[in-house]
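# Following is a predicted model, sequence given first.
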There are 2 protein chains.
Amino acid sequence: MLARNEADLLARARALEGEPIDRLAARLGVASPGAGARTKGKLGALLERALGATGGARRTWDFPELRIELKTVPLDSRGAPRESTFVCTVSLDDADRAEWATSWARAKLGRVLWIPVCGAPGGARTIGHPLLWSPTPAQDQGLGLDFEEIMGQVGIGDVEGTTARAGQWLQLRPKAAHGRVRTVTHGREGTLVETVPRGFYLRARFTAAILRDPAAVPVLAPAGASLGGP
Amino acid sequence: MLARNEADLLARARALEGEPIDRLAARLGVASPGAGARTKGKLGALLERALGATGGARRTWDFPELRIELKTVPLDSRGAPRESTFVCTVSLDDADRAEWATSWARAKLGRVLWIPVCGAPGGARTIGHPLLWSPTPAQDQGLGLDFEEIMGQVGIGDVEGTTARAGQWLQLRPKAAHGRVRTVTHGREGTLVETVPRGFYLRARFTAAILRDPAAVPVLAPAGASLGGP
DNA sequence: TAGGATCCACTGGTGGATCCGT
DNA sequence: ACGGATCCACCAGTGGATCCTA
């Protein structure tokens, strides 16, 4: 059941290509992820099961021995990601000391098994062509710049001033199960402030680019069209 | 339902005196705490409900506005506590910086509503005479000495060398739902060691003494009889 | 007898993504 | 179209005491 190495894992992922989500769910004996607000996250859980990801331990990878993260990426009818991709939650209070090189975000993105899923939620969805990806040096550097920009602002205590507009590829967004969840961190004067928890996300257009070309270095204009790789 | 002040809370607790546990459970529409390993903790939960304790928020008191902690203390046929009383879990890694004055243990013990319960688990148990207690200066000082002794040893990295034999009134004991639960802290050489989580407990003979005389300063010989207060 | 081990309920936080108003 | 808000599953940790041997 468990993948012993990368090649094995990728092979097993690719063996799922073309399979309808509903059929996969039936094979595993679980309810199929339906439509509506009540099924957020079900799709990811299904694919974790299908590939034997270790659902238990947190602050680790989906496949700890392989240091590989599994990311399910829903595609629209044109084959582009419907949404941004969650990376990890951010420890706001350590922001001033945080470095990209040793960050949890970088560890998570170091090796990713992307599994596209085609079709609208609630409709007939099928598994696309899986891809095992690591950032190229150029991609790693770009992600690092976004990281430093964002954590720099948080680090000086300006959490409330952050917006999802910062970062070319990586962005910071609220991450809370309920709107009223609050966490505490240090504000601009060093005083404690309550704020909403945040997480890092990959912009959908970045994910779109690397699914087309794993080595792409997309330039994402603030409000313009995406300029793909080579 | 909620007690507005100490007098109100104590009055409501004393209104329960003499009531059989089974009847109290029936009144609240919950299952009565039976016998056996499967009902640990049920008794405490029952009395929390009966008095409207805020079961939700942790790292706080049972009655947060009043800063009062509720402690259910089962008595044997002679009216003495059957067991030691759990106070709080210990943050092993902060032990070297910990001070009694600002400790969570001291905050918990600052004001305690003791509710004795008479009778053997599984048998006919009834609620005894509740007592609202704060440590006298002498008691506070004695508890502080135990705290410093224990945390001192932990603070120099000798967690594994600790034993429940240390401390006259307050002792350190393992606290883990399963024997295999481990936590990580710094050992003697500053290296990380895995160990079992610990908690502070009040010795049964200390609790026995203050239930008899709230201002008692019992001297508990290592293996001798307890010498009560005045 | 009491030190060390263990059991249950509950929930806050994390990880999985998707919703939805502007 | 996307920034901000939200939903569910799940598990580890906490808080409630009691069990169980040597």
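All right, it came through fine.

# what about stretch A:173-185, how long is it end to end?
End-to-end distance of stretch A:173-185 (Cα to Cα, to the nearest Å): 16 Å.

# does residue A:209 sit in a helix, a strand or a coil?
Here residue A:209 is recorded as helix under DSSP: H, G, I helix; E, B strand; the rest coil.

# Run a quick check on it versus residue A:216, I expect a contact.
Yes - between residue A:209 and residue A:216 a contact is recorded at 4.1 Å, counting by Cβ atoms under 8 Å. To be clear about C-beta, it is placed using only N, CA and C from the backbone, and glycine gets the same treatment.

# Look at those two and report which has more neighbours.
Between residue A:209 and residue A:216, counting by other Cβ atoms under 10 Å in any protein chain shown, residue A:209 is the more crowded of the two (25 against 20).

# Flag the shaky bits of chain A, pLDDT-wise.
A:1-2, A:55-57, A:221-230 (pLDDT under 70).

# now do 80
A:1-3, A:55-59, A:178-180, A:221-230 (pLDDT under 80).

# where does it come near DNA strand D, residue by residue?
With Cβ under 7 Å from any atom of the strand as the criterion, chain A meets DNA strand D at residues A:37-42, A:45, A:55-58, A:84, A:163-165, A:171, A:173-179, A:196, A:203-205, A:223.

# from those, which would you call buried?
A:42, A:84, A:171, A:175, A:196, A:203, A:204, A:205 (16 or more other Cβ atoms under 10 Å in any protein chain shown).

# nearest to residue B:92, of these?
Among these, residue A:175 lies closest to residue B:92 (Cβ to Cβ), at 29.8 Å.

# what sits against that closest one?
Residue A:175 sits next to A:86, A:89, A:196, A:197, A:198, A:199 when contact means Cβ atoms under 8 Å, 6 or more residues apart in numbering or on different chains.

# run the last query once more with 6 Å
A:89, A:197, A:198, A:199 (Cβ atoms under 6 Å, 6 or more residues apart in numbering or on different chains).

# Tell me which of those residues fall in strands.
Counting by DSSP state E, the part of those found in strands is A:89, A:198, A:199.

# Switch those residues over to CSV; also include distance to residue B:144 and neighbour count.
Shown next, in CSV, are the ones in strands among the contacts of residue A:175 (distance: Cβ to Cβ, whole Å; neighbours: other Cβ atoms under 10 Å in any protein chain shown):
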residue, distance to residue B:144, neighbour count
A:89, 38, 16
A:198, 40, 24
A:199, 42, 16
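
# Out of the residues you listed, flag the one nearest to residue B:105.
residue A:89 (30.7 Å).

# I'd guessed the closest one sits against residue A:199; true?
Yes - in terms of Cβ atoms under 6 Å, residue A:89 counts as a neighbour of residue A:199; the distance is 4.7 Å.

# rewinding a little: quick check, nearest of the contacts of residue A:175 to residue A:118?
Out of the contacts of residue A:175, the member with the shortest distance to residue A:118 (by Cβ to Cβ) is residue A:199, at 25.5 Å.

# Distance check, the residue nearest to that closest one when sequence neighbours are not counted against DNA strand C.
Nearest residue to residue A:199, sequence neighbours excluded (Cβ to Cβ, 6 or more residues apart in numbering or on different chains): residue A:175, at 3.5 Å. With the distance defined as Cβ to the nearest atom of the strand, to the nearest Å, residue A:175 ends up 6 Å from DNA strand C.

# Quick check: residue A:175 vs residue A:86, distance?
Distance, residue A:175 to residue A:86, using Cβ to Cβ, to the nearest Å: 8 Å.

# Give me the common contacts of the two.
Residues within reach of residue A:175 and of residue A:86 at once, by Cβ under 6 Å, 6+ apart, are residue A:199.

# For chain A, what lies in contact range of DNA strand C?
Near DNA strand C, when you scan chain A using Cβ under 7 Å from any atom of the strand, you find A:35-37, A:39-41, A:43-45, A:47-48, A:58-59, A:62, A:69-72, A:74, A:82-86, A:88-89, A:117, A:121-122, A:175-177, A:181, A:197, A:199.

# Which of those residues fall in strands?
Reading strands off these with DSSP E, I get A:69, A:70, A:71, A:72, A:74, A:85, A:86, A:88, A:89, A:117, A:199.

# Pull out the buried members of these.
Of these, these count as buried by 16+ other Cβ under 10 Å: A:69, A:70, A:71, A:72, A:74, A:85, A:86, A:88, A:89, A:117, A:199.

# Would you point out the most distant pair within those?
Once Cβ to Cβ is applied, these give A:89 and A:117 as the farthest pair, at 23.5 Å.

# so who does residue A:53 touch?
Applying Cβ under 6 Å, 6+ apart, the residues contacting residue A:53 are A:62, A:70.

# what about it, which SS state?
Going by three-state DSSP: residue A:53 is coil.

# Kindly list the longest helix within chain A.
helix A:137-155 (DSSP state H).

# Could you check it and say which residues are buried?
So for helix A:137-155, counting by 16+ other Cβ under 10 Å, buried means A:139-140, A:142-144, A:146-148, A:150-151, A:153-155.

# just to revisit the earlier point, narrow the residues of chain A next to DNA strand D to those in helices?
A:42, A:45, A:204, A:205.

# out of the residues you listed, which one sits closest to DNA strand C?
Lowest distance from DNA strand C to these (Cβ to the nearest atom of the strand) belongs to residue A:45, with 6.0 Å.

# Quickly note the distance from that closest one to residue A:39.
Counting by Cβ to Cβ, the gap from residue A:45 to residue A:39 is 10 Å.

# that older thread, among the ones in strands among the residues of chain A next to DNA strand C, which one sits closest to residue B:126?
residue A:89 (49.0 Å).

# Let me see the contact set for the closest one.
Here residue A:89 is in contact with A:175, A:199 (criterion: Cβ under 6 Å, 6+ apart).

# same deal with residue A:104?
By Cβ under 6 Å, 6+ apart, the neighbours of residue A:104 are residue A:88.
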